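Novice: dropping a prediction and its sequence here:
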Amino acid sequence: MKKGHSNQYQSKLQQARNQNQNAKAIGKSGAGQQAPRRERLGDGVPTYNEVSVKYANNIEQLGEDHEKIIEQILEEEEQLIFKHNTSCK
């Protein structure tokens, strides 16, 4: 992983942690609210065997793809938190 990417990842990870803590604090104050419905992972999630074949010994590509997925998750979570916060105003 490149140094710049590592710093970006750490920064986004810290932002997500902070937002998660804020969301938990908000959730505790709204005791009567029902938890949102969670979506299940779709059929697009590869099995262990599929991932083993795809990456074989290419750890660099596995790391890069993993980083992309984590960034996507953090961005989606940030959007969900934003939508939640704007709907509570």
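Specialist: Cool, the structure landed. Numbers count the residues shown, from 1 in each chain.

Novice: tell me the pLDDT of K3.
Specialist: pLDDT recorded at K3 is 54.

Novice: what does Y55 give?
Specialist: pLDDT, read off for Y55, is 93.

Novice: pretty sure it sits against E64.
Specialist: No - using CB atoms under 8 Å, Y55 makes no contact with E64, being 10.4 Å away. Glycine gets a C-beta too; all of them are placed from N, C-alpha and C.

Novice: shared neighbours of the two, which are they?
Specialist: Shared contacts of Y55 and E64 (CB atoms under 8 Å, 6 or more residues apart in numbering): none.

Novice: show me which residues of stretch 50-69 are buried.
Specialist: Buried residues in stretch 50-69, counted by 16 or more other CB atoms under 10 Å: E67.

Novice: now do stretch 71-83
Specialist: 74, 77, 81.

Novice: tell me the secondary structure of E75, please.
Specialist: Secondary structure for E75, judged by DSSP: H, G, I helix; E, B strand; the rest coil, is helix.

Novice: would you mind measuring from it to T86?
Specialist: 17 Å (CB to CB, to the nearest Å).

Novice: wait, what's in contact with V53?
Specialist: Contacts of V53 (CB under 8 Å, 6+ apart): none.

Novice: SS state for it?
Specialist: With three-state DSSP as the criterion, V53 reads helix.

Novice: now name the helix or strand holding I70.
Specialist: helix 59-87 (DSSP states H and E).

Novice: what's the weakest-modelled helix or strand in the chain?
Specialist: In the chain, no helix or strand scores lower on mean pLDDT, DSSP states H and E than helix 3-29, which sits at a mean of 62.

Novice: rewinding a little: what would the buried residues of stretch 71-83 look like in CSV with distance to V45 and pLDDT?
Specialist: Shown next, in CSV, are those (distance: CB to CB, whole Å; pLDDT from 0 to 100):
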residue, distance to V45, pLDDT
L74, 18, 95
E77, 18, 95
I81, 23, 94
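
Novice: between the residues you listed, which sits nearest I59?
Specialist: I59 lies nearest to L74 out of the buried residues of stretch 71-83, by CB to CB, at 22.2 Å.
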